[in-house]
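**Q** predicted structure and sequence below. I'll ask about it afterward.
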Amino acid sequence: MRTNTHGNGRVAESTRSAFWMGVVVGLVGVLAFASVTGAIPSTEPSASGDVGASRVAELQLRAGALSHEMRRAESTYLTEVGPLKRELLRRHHHEDEALVTRIAFALVREGREAGVDPRLLASVLLVEDPELDPEAVSPAGAIGLMQVMPRHQGAWGCGGDDLTDPDVNICHGARILANDIQLAHGDLDRALLRYNGCVHGVRTADCRMYPLKVYREASLARFGRRPSSDSGIGVRAGD
């Protein structure tokens, strides 16, 4: 039986930042103590009374940078990953929450890397593989969450060619779609048709309806942030 994690998820999200900040502070304290007491070897003369102080100052700077990065990561989770995860769970009642979390992280990470709005990627994914089955194979041979054709395996710098791996598959899909958008000169309708293989004649039934299916998924979703005019979500070419 699927448990309701929505309320618990909010509590976890609201406390995660405090927990990791505590970890950072504790780590800085341990490292600073080790530096002062000599537990961390120094390449500088040990007789210098400034060595310990300079190391503590350096550690404090590093801790500040780490805290900043962790706050950014937390913000990314709360504003992008979390809403995507909740939407995928809400729409499809998937039993494997760990898989859905992994998918949501991959959508945000690979969308940012490819320069494609993660919400657009999610909408394409929901059209391509509504059951969120990483091992899904279409009659045409397309594989996985983003239904990537085997000819693309390993051709997009995704660190692997296993298209049943959610991270690898979403990476391929994101970069293929980004390339399609570039080839279509920003025309999202044409880019989506290219992604669907509906360019040189009709290859799949009702393939010309593919962009509308993606827009419909986007309109039904609750992704947390309101789409902007340049996000590629809910904005059709020519509108």
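**A** Done, it's in.

**Q** all helices for the protein, in order.
**A** Using DSSP state H, the helices of the chain run over 6-37, 50-76, 82-92, 97-114, 118-128, 166-183, 188-195, 210-220.

**Q** nearest residue to Leu220 in space, please, no chain neighbours.
**A** Nearest non-adjacent residue to Leu220, counting by C-beta to C-beta, 6 or more residues apart in numbering: Arg91, 7.7 Å away. Placement of C-beta: from N, CA and C, glycine included.

**Q** that neighbour is in contact with Glu131, isn't it?
**A** No - in this structure, Arg91 is not within contact of Glu131 by C-beta atoms under 8 Å, at 11.0 Å.

**Q** and these two? Which one has more around it.
**A** Legend: neighbour count by other C-beta atoms under 10 Å for Arg91 and Glu131, higher for Arg91 (16 against 8).

**Q** per-domain residue ranges of the protein.
**A** Domain segmentation of the chain under automatic domain parsing yields 1-93, 105-239.

**Q** weakest of those domains by average pLDDT?
**A** Among the domains of the chain, domain 1-93 carries the lowest mean pLDDT, at a mean of 61.

**Q** who touches Gly144 in this structure?
**A** Contact analysis of Gly144 by C-beta atoms under 8 Å, 6 or more residues apart in numbering lists Asp129, Pro134, Glu135, Ala136, Leu163, Thr164, Asp165, Pro166, Asn169.

**Q** who wins on neighbours among the residues you listed?
**A** Most surrounded of the contacts of Gly144: other C-beta under 10 Å gives Asn169, at 28 neighbours.

**Q** from Ser219, how far off is the nearest residue to that residue once chain neighbours are set aside?
**A** Excluding the flanking residues, the one nearest Asn169 by C-beta to C-beta, 6+ apart is Gly144, at 3.8 Å. Taking C-beta to C-beta, to the nearest Å as the measure, Gly144 falls 25 Å from Ser219.

**Q** please apply the same query to Arg109.
**A** From Arg109 to Ser219 the distance is 25 Å (C-beta to C-beta).

**Q** of the two, which one has the most company?
**A** Arg109 (18 against 11).
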